[in-house]
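> Quick one: sequence and predicted model below, then my questions.
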Amino acid sequence: MTVHIFETMGTTVSLRFGGALPSAATLAAVEACFDRFDARFSLYRPDSEISRVAAANLALYRASAELRENYAEALDWRGRTSGAFTPHRPDGVIDLNGLIKAKAMAASAVVLVAAGSTDWLLNVGGDILSSGSVDGSPWSVGIVDPLDAAGMLCAVPLTPGRRAIATSGTAERGEHVWRRDVAGQGDEPAYSQVSVLAADIVTADVLATAILAGGRAQLTSALAQFDIEVLTVDASGGLTATAGLRSGRGLVRA
């Protein structure tokens, strides 16, 4: 197995390959893909297009087609999650961060596939997209225990129908997701971490954020709409896991 690591979008990206590294040109194209999304969509860069929209220096209707299309997609996700996922900050600023990292990962996967790479694992800040296998076996990833950074809740094999996993939580970044109901759902404590296993990274990433924000009601809604597996951890360390995880997709802590 070989590894390529680089920094972009304010986080570390690692690419593991089941065989030799692809060409330097392919790796450079992957890095350029992330840099392109960061240059357009980062609110931490005052020169980015979305920062100019936020500062009212650029009208949204005059923004690039790429920005407007991603904003429209984020609005669609807002509708599909009953507002649990939103492209707006509480102050009304358009913030596509909850969508763009996953979109950059998906675009990078297209670059790798076009270059003929078949066996790889892309990890961007803990969100993971895979292809193929390593040494003839599915790629396997661990979900960290938010109450014990040195421990794992389970190991999850990634397969063609479940090739992406995203985790949203408060252990490392605190309360960075706006919650509609921070007290949880009814008498249930709020989730402190949500991991979603899906066929694509955009669905996994968006729904991990939405379920963390929307609690038990949003989990129920997401499971009814999407073909996903979910592992949740509440503030007291209580776990819930969907049937696929309990039946062998991962080894969940008792």
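Structure received.
> Tell me who's in contact with residue 244.
Counting by CB atoms under 8 Å, 6 or more residues apart in numbering, residue 244 makes contact with 162, 197, 229. Every C-beta, even on glycine, is put in place using the N, C-alpha and C of the backbone.
> Residue 200 reaches residue 105, doesn't it?
No. Counting by CB atoms under 8 Å, residue 105 is not a contact partner of residue 200; they are 9.5 Å apart.
> out of those two, which sits in the busier spot?
Remark: of residue 200 and residue 105, residue 105 carries more neighbours, 27 against 14, as counted by other CB atoms under 10 Å.
> residue nearest the centroid of this protein?
The chain has residue 205 as the residue nearest its centroid, 3.0 Å off, counting by CA atoms, centre = their mean.
> In three-state terms, label that residue for me.
Per DSSP: H, G, I helix; E, B strand; the rest coil, the local secondary structure of residue 205 is helix.
> again, but for the one 3 residues further on
Remark: residue 208 carries the secondary structure label helix [criterion: three-state DSSP].
> how about it, what does it touch?
166, 167, 168, 194, 195, 196.
> please redo it, this time with the cut-off set to 10 Å
Residues touching residue 208, when contacts are defined by CB atoms under 10 Å, 6 or more residues apart in numbering, comprise 85, 98, 102, 127, 165-169, 177, 191, 193-198, 222, 228, 230-232.
> Repeat that for residue 245.
143, 153, 154, 156, 195, 197, 229, 230, 231, 239, 251, 252.
> burial of the second one, as a residue count?
With neighbours defined by other CB under 10 Å, the count for residue 153 comes to 25.
> Identify the residue nearest it in space, chain neighbours excluded?
The spatial neighbour of residue 153 that comes closest, neighbours along the chain excluded (CB to CB, 6 or more residues apart in numbering), is residue 143 at 4.7 Å.
> Would you mind measuring from that neighbour to residue 233?
In this structure, residue 143 and residue 233 are 9 Å apart, going by CB to CB, to the nearest Å.
> who has more neighbours, the two?
residue 233 (26 against 23).
> Surely that one is within a strand?
Yes. The secondary structure assignment for residue 233 places it in a strand, going by three-state DSSP.
> what sits against it?
Residue 233 sits next to 143-147, 153, 167, 169-171, 191-195, 239-241, 253 when contact means CB under 10 Å, 6+ apart.
> swap in residue 75?
Going by CB under 10 Å, 6+ apart, residue 75 touches 85, 86, 87, 88.
> Tell me which entries of those lie within strands.
Taking DSSP state E as the definition of strands, the contacts of residue 75 contribute nothing to them.
> Show me which of the residues you listed is closest to residue 137.
Nearest to residue 137 among these is residue 85, at 33.6 Å by CB to CB.
> Surely the residue nearest to the centre of the chain and residue 167 touch.
Yes. The pair residue 205 and residue 167 qualifies as a contact (CB atoms under 10 Å) at a distance of 9.2 Å.
> so where is the stretch 151-254 of the chain shaky, pLDDT-wise?
Low-confidence segments of the stretch 151-254 of the chain, defined by pLDDT under 70, span residues 171-189, 247-254.
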